[in-house]
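Engineer: I would like to see how this sequence folds:
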Amino acid sequence: MAKSPNPRDIEDMLGAMRGRIPRIPLALLGLLLLCGAGSAYWWFVQRVEIGADELCVLVRKVGRELPESAESQVVLYPTLLKELGEDPANPRHNYKGVIYEPLPPGGRYFRDPFFWSREIIPITNIAQDEVGILVRKFGKPLPEGRILASQSDDFRGPLRDVLPPGRHPINTLAYEVLRVQRVTIPPGHVGVQTLLSGDPPTNPNVFVVKSGEAGVQPDVLAPGLYPVNPYERRIDVVDLTRHTLDFRRDEAIDFPSKDSFTISVEATVEYSLRQDMTPYMLVAIGDHAEIVTRIILPVMRSLLRIEGSKLEARDFIAGESRSAFQTRVFDELRRQCGAQGIEIAAALIRHIEVPQEIAGPISDRQFAQQSMKKYESETKLAQSEAKKVEQTEMQKQNQAIGEANRSVVATVVEAEQRKSVALTEANQRLEVAKLTLEAARQQAQKILAIGQADAEVLRLGFEAKARPLGEAVAAFGDGESYAQYHFFQKLAPSMKTVLDSTEGPFAEIFRALSNARGAPPRPTPAGKTTPADEQPEKGGTP
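Structural biologist: So this is what the prediction gives:
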């Protein structure tokens, strides 16, 4: 366990230290204390830390009071400082009041709280579906008849320009920020503009003034999202879609007929508003409820009574008269309401209630008439069915005749085509035969010419060869002598000896030659004599 220090030892140690530390002059110590106190006052008292979403508005506490002409002012805005002879760009002026320009966010500043009042305010955020309206708290009062100020003047009141969505460094001691929703005009609707601040109208006795004048404007806004200053203009959203009015049961319209019977009518009317007439209707008539009660319903009742008083009670039961009645009511309702800017799309009479004392007989008569018409329709239907059957049979007959005619025509056409094809083929074969014949004739002429030429050549060749032979034969007297001459000329050199025997075929040759020359017949080996015509000629060579 540690031993606690002895108090006497501690006093001795402090005494020894006092002997070694030099004494500090009191003046220097006071100066150090004064500097430390000033630094602490400067850092902890005068310092102002401004966040990223904050502003700092300064209010001067010391200085001269504003003159009597500006006693109602608390903000030292630039125009006022100019009037007082001060430079608005120089922050060192000598008047008490709220400084117009705030210190920007995200900074560190030093302002003495004895001279300045420091107000930390949040930065102004405008949402996406909003706009900001600045109301100026300083400046001169607005002139009579004027409700808006502008950025270029120094009148107090709401400003004409609006703040768009986003962050805005607004001095809320000098301005009041009013957040209003942007005007939304859905599809099928338009916005009627009423200008609250503008030029006085040239004709104040009209419902709709000229564009730019104070009053209801002739131009309407299309569907969309609009940042509108409610001090400058008012937007009334008007529905242009089709509306349906039903006059049923307790709302049915009663009127007397021509024959003094009470007729009750239940009807339906569909209407819509014309876009170009919307500003006039909104001012002169009102909204849809007032349009119905002031325009459509009175006109509808008036037309039903006027047109209904022209017909008797029984006419409201018949279909043709009822359709004509409905057509007249619709056309006249459309014309009268159209002049007021109301488009009537349809006017349908759903039910017409006629008193029972006449409705029964009329209904019976109409039922009999309808039955008669039904029977007539059935008769016409049967006649039409019979005519249809007759037409069907005639159509079948005509179809069969047509098919037979087409078959005959097809057969004739086919025969004609075959005839034409056969004739064409015969003509082609004839032409081919003619061409073949002509070619054969030309070939024959060619062959004949070649044969005649060859024969002529042979003849001339034979003539050339026969002419010397003829001359030689003529020289010997006849052809046989000439032949023997040539024979002997060829035979003599080759024969060495002449056989003595006269037998055999070789001897017959010479014997024949001898007989031809007139030699006496010689005995044959068989003891026969040679005829005289076989004897060789006289003077011939054996």
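
Engineer: Tell me how many other residues crowd residue 57.
Structural biologist: By other Cβ atoms under 10 Å, the residues close to residue 57 number 20. C-beta here means a position set from N, CA and C on the backbone, and glycine is covered the same way.

Engineer: so where does it fall, helix or strand?
Structural biologist: Assigned by DSSP states H and E, residue 57 belongs to strand 54-60.

Engineer: Run the chain-centre distance for the top helix by length along the chain.
Structural biologist: The residue-count maximum for a helix in the chain (DSSP state H) belongs to helix 356-476. With Cα atoms, centre = their mean, to the nearest Å as the basis, helix 356-476 stands 55 Å off its chain's centre.

Engineer: quick one, what contacts the residue most central in space within the chain?
Structural biologist: Centroid-nearest residue in the chain: residue 187, 23.4 Å away (criterion: Cα atoms, centre = their mean). Taking Cβ atoms under 8 Å, 6 or more residues apart in numbering, we find residue 187 in contact with residue 223.

Engineer: Doesn't it belong to a strand?
Structural biologist: No: counting by DSSP: H, G, I helix; E, B strand; the rest coil, residue 187 falls outside a strand, being coil.

Engineer: and it, how far is that from residue 489?
Structural biologist: To residue 489, residue 187 is 147 Å away according to Cβ to Cβ, to the nearest Å.

Engineer: Would it be right to say that residue 282 lies in a strand?
Structural biologist: No: assignment of residue 282 by three-state DSSP gives helix, placing it outside any strand.

Engineer: does residue 117 count as helix, strand or coil?
Structural biologist: strand.

Engineer: thought it was touching residue 61?
Structural biologist: Yes: when contacts are counted by Cβ atoms under 8 Å, residue 117 is listed as touching residue 61 (5.9 Å).

Engineer: burial count for the nearest residue to residue 102 once chain neighbours are set aside?
Structural biologist: Beyond its immediate neighbours in the sequence, the residue positioned closest to residue 102 (Cβ to Cβ, 6 or more residues apart in numbering) is residue 55, lying 4.3 Å away. As a burial measure, residue 55 scores 20 neighbours (other Cβ under 10 Å).

Engineer: Check residue 194 too.
Structural biologist: 16.

Engineer: what packs against the host helix or strand of it?
Structural biologist: Residue 194 belongs to strand 189-195 when assigned by DSSP H and E. When contacts are defined as 3 or more Cβ pairs under 8 Å, 6 or more residues apart in numbering; DSSP states H and E, strand 189-195 packs onto strand 215-221, strand 233-239, helix 278-284.

Engineer: sorry, back to before: next SSE downstream of the longest helix of the chain?
Structural biologist: Downstream of helix 356-476, the first helix or strand assigned by DSSP H and E is helix 479-491.

Engineer: Can you check what angle separates that next one from helix 356-476?
Structural biologist: Orientation of helix 479-491 against helix 356-476 (axes from the mean of the first three to the mean of the last three Cα atoms, to 10 degrees) gives an angle of 70 degrees.

Engineer: ok, back up a step: and the next helix or strand past the strand holding residue 57?
Structural biologist: strand 75-76.

Engineer: outside of that next one, which residues touch it?
Structural biologist: 60, 93, 95, 97-100, 137-138, 173-174.
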